[in-house]
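Chemist: Pasted the sequence and its predicted model underneath.
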Amino acid sequence: MSATPTDTTGTATATDPVLASERAHLALADDCLTEMRTAATAVVDAGVDAWASERLGAARAERLRSLAADPGVPAFFGRTDAGTDAGAPDGTAETFHIGRRHVRDSTGSPVVIDWRAPMSRPFYRASTADPQGLVRRRRFGFSGGELTSYEDELLGAGGEGDGTLLRADTSSRVLLQEIERPRSGPMRDIVATIQPEQDEIVRAPLAESVCVQGAPGTGKTAVGLHRAAYLLYTHGGQLARTGVLVVGPNRAFLRYIEQVLPTLGEVDVDQTTVAELTGRVPVRAQDAPEVAVLKGDARMAQVLERALWGAIAKPADDVMVPLAGRRYRVPVERLKRYVDDLRRRGRVADDQQRLHYAAGRERLAMLLAGDARRQKEEAGGSPPDGEVRRAARSPEVRAFCDAVWPARDPAGLVAELLGDPAVLARAARGVLTEEEQALLHRPAPRSVRTAPWTAADAVLVDEVTGLLERTAGYGHVVVDEAQDLSPLQCRAVARRLAAGSLTVLGDLAQATSPWSPADWAPTLAGLGRPGTAVRPLTRGYRVPGEVLDYANRLLPAIAPGLTAATAVRRDPGALTVRPVTDLAGPLAGVVADLAAGPGSIGVVCTDAAVPDVERMLGDAGLPAAVLTDDGAPAARIAVVPATLAKGLEFDAVVVADPAAIVAAEPRGLSRLYVVLTRAVSTLVVLHRGDLPALLAG
Ligand SMILES: Nc1ncnc2c1ncn2[C@@H]1O[C@H](COP(=O)(O)OP(=O)(O)OP(=O)(O)O)[C@@H](O)[C@H]1O
């Protein structure tokens, strides 16, 4: 069985007639695109309704602008020939050029087909075994927007080989060049080379939530972003209303990925971190690990709910409600019934159906006013609506609501709960042990604003906000590095989901937070989509085989149930493991050597060692800068705190003192696994003879 494509054309020369004709098609596509852009601008200028025109036109112009911005992005990257005979002179083959967006000529005929259109699907899925109606697939090589080469696969010729490029690791030069391309600058899209197993996830239906369990570099992030772009294209109207949200682990990661969707023409996706999503109070302090774990526990949701709803009091007396110049008595029995009914509606599990606390308070006031109205009507009156609304706002009704259903502020409630043991004990009885309650306690702050809020507190405050009022939900949420979410963070994401669907991306082997579970079930349940199917990705596109095999040695210790990934390419020179007695000299030497080549360099060490490593490189005259979590772009030589490395990649990675990385945190081995799998071309490990046992020898 042949594992290579049935026919691959070598690099074409400038005089190659096929190349010449494809270049002509590219020139045509560029001209048409320019025309389309001009037309879009004209629509904006000629708009009848200025506001609508501005909004629609601006969005359209922005899409065109984002495509035009990168001259290195060609209008198409592939071509499919469907029919009976690829080269038939009678033109029986139907040809489509596949690109990042539709391009039409002035008559409306397609010049380039959007990669997301159904017609483009065979480009990604066809194989010799299942040609999907294609006789030929052509991939183009480009440089700076110029078409430089092409390669053909003849499909549907009855060959027994599996013609997909995936299995023929080195058969597609276009794929290989893309994978091996020295990394510098932000992450790029992969539309030209999406692989079949990735494409299945990208094109999963909108209604289907998907969980991708994928080893490092298998393309999870890329797949999640392309799925967002695919869904926006396929369900534009629906998703334009409800929106798409991408949640990543930190700012440094977002900075790395945030250009991918705009390059694909999707500029209206919200991209954020969990911390930003729940950032309702300024985070100034850090919890001890065991406190952070407890604050992220799902039981805290129950405690908060009790703290909020438990403060509702039983009405003790009748209330006199003023309405249109008279006062009407609402007896205490009826008041109790009103409050009980509303409380019951506040206990409905579905966030969309539930009566939220703040709305319940409003409703209660209206019930009192409505009661008075009925009494007046029974007496023959007919008060106007404005009078009834005024009654609901009257001092008498307000005083009753304040006493029975007090207005709450989320931060205030959490501050009170953490600062007052009696309040906590009431809310946590039977849910948290006394020891756990003591762990949560901290001295009451002088004011809510100046409280020493921690990241976990912010999630608690967000949870209370979600109890007070309904959270606006997105139509689709992509959540990356989901293995690290606490149960309460999962709830925070789930609240943003409403009736929409999820793409959950992660790797249990890269789990570094204390609550990371051993399988996906608790996370998916916490995210509100317990039935979601877990789809594995096991082909590694980032890391050379030698490096991946080395990192995989840690798997039995960190994720015994997981299948090790295999790399799509090998490179015998990719891995160097070097014992050193003193770090400074060898580190500077290695980084200087790497800096002589192209691409980015990440020097990864423990967070604590960052200043030392920065100094060592600075002393050697190397222009290194520390990677920070504020979203600033990474320097070409970046000193990377190990806790920020997740999701990132560098052309070359130097790991300084792996044993220290392991020792720095409870899940240090998983952290090391993350760190060892960031390199595209080269990994150098500098150790002091104290490698973890699984890596030694
Ligand atoms: N089909 C593909 N064609 C070209 N490049 C690809 C393909 N799939 C993935 N890549 C590249 O491989 C690298 C790793 O992809 P990505 O970051 O999405 O992986 P990941 O599974 O999220 O990794 P990690 O879990 O380690 O963060 C990226 O540079 C991405 O562009």
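Modeler: Noted; the coordinates are in hand. Residues are numbered from 1 along each chain as shown.
Chemist: Can you tell me the element Gly265 falls in?
Modeler: Assessed by DSSP states H and E, Gly265 sits outside every helix and strand.
Chemist: and the gap between it and the ligand?
Modeler: 18 Å (Cβ to the nearest ligand atom, to the nearest Å). In this view, the C-beta of every residue, glycine as well, is placed from N, C-alpha and C.
Chemist: Make sure that residue is actually in contact with Arg100.
Modeler: Yes. Because the distance of 6.6 Å satisfies Cβ atoms under 8 Å, Gly265 is recorded as touching Arg100.
Chemist: of those two, who's got more company?
Modeler: Legend: neighbour count by other Cβ atoms under 10 Å for Gly265 and Arg100, higher for Arg100 (23 against 19).
Chemist: Counting neighbours, what do you get for Thr242?
Modeler: Residues contacting Thr242 under the criterion other Cβ under 10 Å number 16.
Chemist: what residues are up against it?
Modeler: Applying Cβ atoms under 8 Å, 6 or more residues apart in numbering, one finds that Thr242 lies in contact with Gly473, Tyr474, Gly475, His476, Ala498, Gly500.
Chemist: so Ala29 touches Val112, yeah?
Modeler: Yes. The criterion here is Cβ under 8 Å, and Ala29 meets it with Val112 at 5.2 Å.
Chemist: what touches both of the two?
Modeler: With contacts defined as Cβ under 8 Å, 6+ apart, the residues adjacent to both Ala29 and Val112 are Ala75, Phe76, His97, Gly99, Val103.
Chemist: so what's the fourth one up against?
Modeler: Counting by Cβ under 8 Å, 6+ apart, Gly99 makes contact with Ala29, Pro74, Ala75, Phe76, Phe77, Val112, Ile113, Asp114, Trp115.
Chemist: and which of these is nearest the ligand?
Modeler: Within those, proximity to the ligand (Cβ to the nearest ligand atom) peaks at Phe77, which comes in at 11.2 Å.
Chemist: Can you tell me the closest non-neighbouring residue to that closest one?
Modeler: Using Cβ to Cβ, 6 or more residues apart in numbering and skipping residues adjacent in sequence, the residue nearest Phe77 is Ala192, 3.7 Å away.
Chemist: May I have the secondary structure class of the one you found?
Modeler: Each residue gets one of three states, and Ala192 gets coil by DSSP: H, G, I helix; E, B strand; the rest coil.
Chemist: can you count the residues close to the residue of the stretch 251-400 of the chain found nearest the ligand?
Modeler: Minimum separation of the stretch 251-400 of the chain from the ligand (Cβ to the nearest ligand atom) falls at Ile257, amounting to 8.0 Å. Around Ile257 sit 21 other residues, with neighbours defined as other Cβ under 10 Å.
Chemist: just to revisit the earlier point, and Ala29 and Val112? which has more neighbours close in?
Modeler: Looking at Ala29 and Val112 with other Cβ under 10 Å, you find the greater number of neighbours at Val112, namely 26 against 20.
Chemist: Can you name the residues of the stretch 51-200 of the chain sitting close to the ligand?
Modeler: Taking Cβ under 6 Å from any ligand atom as the measure of proximity, the stretch 51-200 of the chain contacts the ligand at Leu175, Glu178, Ile179, Ile190, Thr193, Ile194, Gln195, Gln198.
Chemist: The fourth one: what's it in contact with?
Modeler: With contacts taken as Cβ under 8 Å, 6+ apart, Ile190 has the following neighbours: Glu178, Gln198, Gly219, Ala222, His226.
Chemist: And for the first one, nearest residue in space, chain neighbours not counted?
Modeler: What that stands for is Glu178. Closest residue to Glu178 in three dimensions, ignoring its sequence neighbours and counting by Cβ to Cβ, 6+ apart: Thr193, at 5.1 Å.
Chemist: Correct me if wrong: that neighbour contacts Leu175.
Modeler: Yes. Because the distance of 4.7 Å satisfies Cβ under 8 Å, Thr193 is recorded as touching Leu175.
Chemist: and for those two, which residues touch both?
Modeler: Counting by Cβ under 8 Å, 6+ apart, the shared contacts of Thr193 and Leu175 are Arg139.
Chemist: any chance you could map the strands in the stretch 401-550 of the chain?
Modeler: Per DSSP state E, counting those that start in this stretch, the stretch 401-550 of the chain carries strands over the ranges 476-479, 501-506, 533-537, 539-540.
Chemist: For the residue nearest to Glu178, grab the count of nearby residues.
Modeler: For Thr193, using other Cβ under 10 Å, the count is 22.
Chemist: ditto for the one 5 residues further on
Modeler: Gln198 is flanked by 25 other residues according to other Cβ under 10 Å.
Chemist: Please report phi then psi for it.
Modeler: phi -80, psi -40 (degrees, to the nearest 10).
Chemist: What is the burial count for the closest residue to Gln198 other than its chain neighbours?
Modeler: By the measure of Cβ to Cβ, 6+ apart, the closest residue to Gln198 outside its immediate chain neighbours is Val223, 4.9 Å from it. For Val223, the number of neighbouring residues by other Cβ under 10 Å comes to 29.
Chemist: Quick check: Val223 touching Leu537?
Modeler: Yes. Under the criterion of Cβ under 8 Å, Val223 lies in contact with Leu537, with a separation of 7.3 Å.
Chemist: if I look at those two, which residues touch both of them?
Modeler: Residues touching both Val223 and Leu537 (Cβ under 8 Å, 6+ apart) are Gln198, Ile201, Val212, Gly214.
Chemist: export these to a markdown table and tack on pLDDT, secondary structure and distance to Ala313?
Modeler: Below are the shared contacts of Val223 and Leu537 laid out as a markdown table (pLDDT from 0 to 100; DSSP: H, G, I helix; E, B strand; the rest coil; distance: Cβ to Cβ, whole Å):
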| residue | pLDDT | secondary structure | distance to Ala313 |
| --- | --- | --- | --- |
| Gln198 | 95 | helix | 56 |
| Ile201 | 96 | helix | 52 |
| Val212 | 97 | strand | 48 |
| Gly214 | 95 | strand | 52 |
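Chemist: Nearest to Gln238 among the contacts of Gly99?
Modeler: Proximity of those to Gln238 (Cβ to Cβ) peaks at Asp114, which lies at 17.9 Å.
Chemist: In contact with that closest one, which residues?
Modeler: Residues in contact with Asp114 (Cβ under 8 Å, 6+ apart) are Gly99, Arg100, Arg101, His102, Ser120, Tyr233.
Chemist: Residue ranges in the stretch 1-150 of the chain under the pLDDT threshold?
Modeler: Applying pLDDT under 70 to the stretch 1-150 of the chain flags the ranges 1-14, 41-72, 84-92.
Chemist: Break the chain down into its structural domains.
Modeler: 17-180, 203-280+470-539, 312-403, 409-468, 545-687 (automatic domain parsing).
Chemist: State the mean pLDDT of the shortest one.
Modeler: Over the span of domain 409-468, the pLDDT mean works out to 94.
Chemist: Start and end of that domain, how far apart?
Modeler: Taking Cα to Cα, to the nearest Å, the first and last residues of domain 409-468 lie 9 Å apart.
Chemist: still on that earlier bit, just put the contacts of Ile190 in JSON lines and tack on secondary structure.
Modeler: Conversion of those to JSON lines gives the following (three-state DSSP):
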{"residue": "Glu178", "secondary structure": "helix"}
{"residue": "Gln198", "secondary structure": "helix"}
{"residue": "Gly219", "secondary structure": "coil"}
{"residue": "Ala222", "secondary structure": "helix"}
{"residue": "His226", "secondary structure": "helix"}
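Chemist: Tabulate those residues in JSON lines, adding columns for distance to Ala620.
Modeler: What follows is those, written out as JSON lines (distance: Cβ to Cβ, whole Å):
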{"residue": "Glu178", "distance to Ala620": "33"}
{"residue": "Gln198", "distance to Ala620": "41"}
{"residue": "Gly219", "distance to Ala620": "36"}
{"residue": "Ala222", "distance to Ala620": "35"}
{"residue": "His226", "distance to Ala620": "41"}
